[in-house]
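*Asks:* With the input below, show me the fold.
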Amino acid sequence: MDAPTKRQTASATPQPRFDLIIRGGTVVDGTGAEPVRADVGVIDDQIGRVGDLREATAADEIEARGLLITPGFIDVHSHSDLTLLIDGRAQSAISQGVTTELVGNCGHGCSPMGESPTFAANIFGYDPSIPLNWRTTAEYLSRLEEANLAINAATLVPLGNLRLATMTDPEAVSRPAERSAMRALLAEGLEAGAFGFSSGLQYPDSVATSFEELVDLTREVARRDRLYSACVRYTDKRAVLGITEPIQTAERTGARVQISHAMPMPGSPSRMTERTFELVEKGRKSGVDVAFDMHTRSHGELNISAMLPLWAVAGDTSDIARRLANTGERTRIKEYPGYVRRFVENPGPEQMVIALTRDTRLVGRTLAELTPADGDPMDTLLDILASEVDDIHRPLVLINMYPEDDLAAFYQNPMCAIASDATTLSPDGRLANAVFYGAYTWASWFMRRVVRERSSLPLPEAIRRVTSLPAQRIGLADRGAVRDGAKADLAVFDFDAVSDHGTLHSPNVLATGAVHVLVNGVPAIRDSTITAARTGRVLRSP
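*Replies:* The predicted structure follows:
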């Protein structure tokens, strides 16, 4: 008897009836494996089968010949904590094939929350029209569910929120009783389903955090096998210490650690990229579960209000305006050793570009151009804040500091996940006028520029960096791969057409090239058009 052909073998295999079959595409499964031609059958919110489904039937079908089928992209470093509450459509993400985001990064986020108005300074994309009227992580996650999300969202518990909620003076070293209260709030957040803990050790509320405090808090994370996401303390000439500290924290506690946007900044020691890789590899060889991520912008991005110590934003709008108008108070602010002052020193005002402020004449101009010859660039920034004191956390500055060649080389390290470091937005509705550079471009720029045009990474490995690698780091066992039984978060791309369109002067333009995107088995994009589906979920760590 003749051996069965592949078609005969497939037809002999019992075929369930699927809700949806994606037919004839090239599957890049997210693991780094070579692409294969296959069909993907979806049942409810899961991938029922990957393979030859010619004999199978379905209620709905998508033709994918000539297209790539990949897992939905997973953003391991997002700041969409509040923007997802404002507008859950997340069109900037969906248009790039992004189906899941991890928020609560850099020690910033929306929970836990106390009574102090200084919490607003700790939320990227803060909107004063949104009442911050929840308190716990559980309440925040419930609010996310009520927002009817188009994508999946998971959260970390941010260090800044813990300190603001428990400390009389968050700019001081914590006392034992305050540290105990922080541990209790962190434990509460982890029990509610947070996937870990994050720190932002250069921000005003966390700059005084001791190594002992980090160890204390990270032990709570390690006890539950969750993630510690570290926005490091030093990125200048002390950058080696910056990379070493989270690794040593993990050595002490046993936690998994993710070093955020780890590429060296201007002012760091020579060969710092190589040193970063060496330190991470040394940590891994010693048994530490450590990896890192990097965004896809040639610039850093910062709220100008990050130059203000916490005392400067205390009280109401009139209190803040009075301080910004007082010469003595301004001098104290300018002496504050934060992120912004460091960038004014290096790479300097010539590399700092005003990105968002009400006076559109300033947008796109450097801080050097806007500062008189005998003036202080810090005063120029304070003048911008004073002009927008009613929404003081809105103005943005970009810092040019990541050459494209260096970025491409950094991405080549196999432990580097690719992330947005941005908020999720939509070009119309309540977020139409909100801006965060990279929101509309991060993944599409990576696919277009790094993968297709520069060929800096092979396609299967590039897809791994935005799918199974971030899923593994976060702890999402059922997402990030095209395989039987995984959740049906899928992106179907015309790889040759993938492109980003946002620019400095017109940032809120949707990416193109994602022909179909499924979130939990339901098309969020169909035939290159965003649908009305809102099938995202709030993910909780078990």
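*Asks:* The stretch 201-350 of the chain: strands as residue ranges?
*Replies:* 227-231, 256-259, 290-294, 299-303 (DSSP state E, counting those that start in this stretch).
*Asks:* right, so of these, which gets closest to L539?
*Replies:* With C-beta to C-beta, the closest approach to L539 among the strands of the stretch 201-350 of the chain belongs to strand 227-231: 13.1 Å. From N, CA and C alone the C-beta is placed, and that goes for glycine too.
*Asks:* Pull up the pairing partners for that closest one, direction included.
*Replies:* Applying DSSP bridges, strand 227-231 is found paired with strand 196-200 (parallel), strand 256-259 (parallel).
*Asks:* So for stretch 123-135, what gets flagged as buried?
*Replies:* I123, F124, G125, Y126, D127, I130, L132, W134 (16 or more other C-beta atoms under 10 Å).
*Asks:* Point out the most buried one among the strands of the stretch 201-350 of the chain.
*Replies:* Of all the strands of the stretch 201-350 of the chain, strand 227-231 has the most neighbours on average by mean count of other C-beta atoms under 10 Å, namely a mean of 28.
*Asks:* on that earlier part again, can you redo the strands of the stretch 201-350 of the chain as a markdown table with mean pLDDT?
*Replies:* Putting these into a markdown table (pLDDT from 0 to 100) gives the following:
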| stretch | mean pLDDT |
| --- | --- |
| strand 227-231 | 98 |
| strand 256-259 | 98 |
| strand 290-294 | 98 |
| strand 299-303 | 85 |
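*Asks:* closest one to G475 among those strands?
*Replies:* Using C-beta to C-beta, those put strand 227-231 closest to G475, at 6.5 Å.
*Asks:* now the angle from the closest one to strand 290-294?
*Replies:* 50 degrees (axes from the mean of the first three to the mean of the last three C-alpha atoms, to 10 degrees).
*Asks:* Tell me where the stretch 51-200 of the chain has strands.
*Replies:* Counting by DSSP E, counting those that start in this stretch, the strands of the stretch 51-200 of the chain are 58-63, 68-71, 73-75, 98-103, 152-155, 157-158, 196-200.
*Asks:* Now render those strands as TSV, adding mean neighbour count and mean pLDDT.
*Replies:* Putting those into TSV (neighbours: other C-beta atoms under 10 Å; pLDDT from 0 to 100) gives the following:
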stretch	mean neighbour count	mean pLDDT
strand 58-63	16	98
strand 68-71	28	98
strand 73-75	32	99
strand 98-103	30	98
strand 152-155	27	98
strand 157-158	32	98
strand 196-200	29	98
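*Asks:* for the strands paired with strand 227-231, which one sits closest to G104?
*Replies:* strand 196-200 (5.7 Å).
*Asks:* Helix or strand: which one has N433?
*Replies:* Per DSSP states H and E, N433 falls between elements, in no helix or strand.
*Asks:* From L302, how far out is it?
*Replies:* According to C-beta to C-beta, to the nearest Å, N433 and L302 sit 19 Å apart.
*Asks:* Return the subset of the buried residues of stretch 123-135 lying in helices.
*Replies:* If you go by DSSP state H, these have nothing in helices.
*Asks:* With pLDDT and distance to P266 as new columns, can these be given to me in a markdown table?
*Replies:* Below are those laid out as a markdown table (pLDDT from 0 to 100; distance: C-beta to C-beta, whole Å):
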| residue | pLDDT | distance to P266 |
| --- | --- | --- |
| I123 | 90 | 27 |
| F124 | 87 | 23 |
| G125 | 86 | 26 |
| Y126 | 87 | 28 |
| D127 | 87 | 32 |
| I130 | 86 | 35 |
| L132 | 89 | 35 |
| W134 | 93 | 39 |
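*Asks:* Pick out the most distant pair among the residues you listed.
*Replies:* F124 and W134 (17.3 Å).
*Asks:* Relative to T327, how far out is D391?
*Replies:* On the measure of C-beta to C-beta, D391 and T327 end up 24 Å apart.
*Asks:* which one of these two has more residues nearby?
*Replies:* Neighbour tally, D391 and T327, criterion other C-beta atoms under 10 Å: the higher count belongs to D391, 15 against 6.
*Asks:* how close does that one sit to T317?
*Replies:* Computed as C-beta to C-beta, the D391 to T317 distance reads 9 Å.
*Asks:* do S78 as well
*Replies:* S78 is 29 Å from T317, by C-beta to C-beta.
*Asks:* Which one's more surrounded, these two?
*Replies:* S78 (30 against 12).
*Asks:* Name all residues that make contact with the more buried one.
*Replies:* E101, L102, V103, N105, A419, S420, D421, A422, T423, T424 (C-beta atoms under 8 Å, 6 or more residues apart in numbering).
*Asks:* Then G475?
*Replies:* So G475 contacts F195, G196, D225, R226, L227, S541 (C-beta under 8 Å, 6+ apart).
*Asks:* and with 7 Å instead?
*Replies:* F195, R226, L227, S541 (C-beta atoms under 7 Å, 6 or more residues apart in numbering).
*Asks:* Can you add distance to A524 and give the residues you listed back as CSV?
*Replies:* Compiled in CSV, the contacts of G475 are given as follows (distance: C-beta to C-beta, whole Å):
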residue, distance to A524
F195, 22
R226, 28
L227, 26
S541, 24
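*Asks:* Can you say which two of the residues you listed are spatially most distant?
*Replies:* L227 and S541 (9.1 Å).
*Asks:* Find the residues that touch each one of these two.
*Replies:* Taking C-beta under 7 Å, 6+ apart as the contact rule, L227 and S541 both touch F195, G475.
*Asks:* In this model E178 seems to touch D216, though I could be wrong.
*Replies:* No: using C-beta atoms under 7 Å, D216 is not in contact with E178; the gap is 10.8 Å.
*Asks:* got the residue ranges for the helices in the stretch 251-400 of the chain?
*Replies:* 272-285, 317-325, 327-334, 339-345, 367-370, 377-387 (DSSP state H, counting those that start in this stretch).
*Asks:* From T535, how far out is I47?
*Replies:* To T535, I47 is 15 Å away according to C-beta to C-beta.
*Asks:* who has more neighbours, these two?
*Replies:* Neighbours per residue (other C-beta under 10 Å) separate I47 from T535, with I47 holding more: 25 against 21.
*Asks:* Is that one part of a helix or strand, or is it coil?
*Replies:* Following DSSP: H, G, I helix; E, B strand; the rest coil, I47 is assigned to strand.
*Asks:* Give me the pLDDT for it.
*Replies:* Looking at I47, its pLDDT reads 98.
*Asks:* Run through the residues that contact it.
*Replies:* V40, V482, R483, D484, G485, A486, A488.
*Asks:* Rebuild these as TSV, extending it with pLDDT.
*Replies:* TSV is the format used below for the contacts of I47 (pLDDT from 0 to 100):
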residue	pLDDT
V40	98
V482	98
R483	98
D484	98
G485	98
A486	98
A488	98
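*Asks:* quick one: low-confidence parts of the stretch 101-250 of the chain?
*Replies:* 116-117 (pLDDT under 70).
*Asks:* now the helices: where do they sit in it?
*Replies:* 137-146, 159-166, 176-191, 211-223, 239-253.
*Asks:* is it possible to export those helices to JSON lines including distance to P35 and mean neighbour count?
*Replies:* Listed next are those as JSON lines, based on distance: least, C-beta to C-beta, whole Å; neighbours: other C-beta atoms under 10 Å:
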{"stretch": "helix 137-146", "distance to P35": "35", "mean neighbour count": "19"}
{"stretch": "helix 159-166", "distance to P35": "41", "mean neighbour count": "27"}
{"stretch": "helix 176-191", "distance to P35": "38", "mean neighbour count": "18"}
{"stretch": "helix 211-223", "distance to P35": "37", "mean neighbour count": "20"}
{"stretch": "helix 239-253", "distance to P35": "35", "mean neighbour count": "21"}
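*Asks:* now the ones you listed as JSON lines including distance to F73?
*Replies:* Shown next, in JSON lines, are the helices of the stretch 101-250 of the chain (distance: least, C-beta to C-beta, whole Å):
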{"stretch": "helix 137-146", "distance to F73": "19"}
{"stretch": "helix 159-166", "distance to F73": "27"}
{"stretch": "helix 176-191", "distance to F73": "26"}
{"stretch": "helix 211-223", "distance to F73": "25"}
{"stretch": "helix 239-253", "distance to F73": "25"}
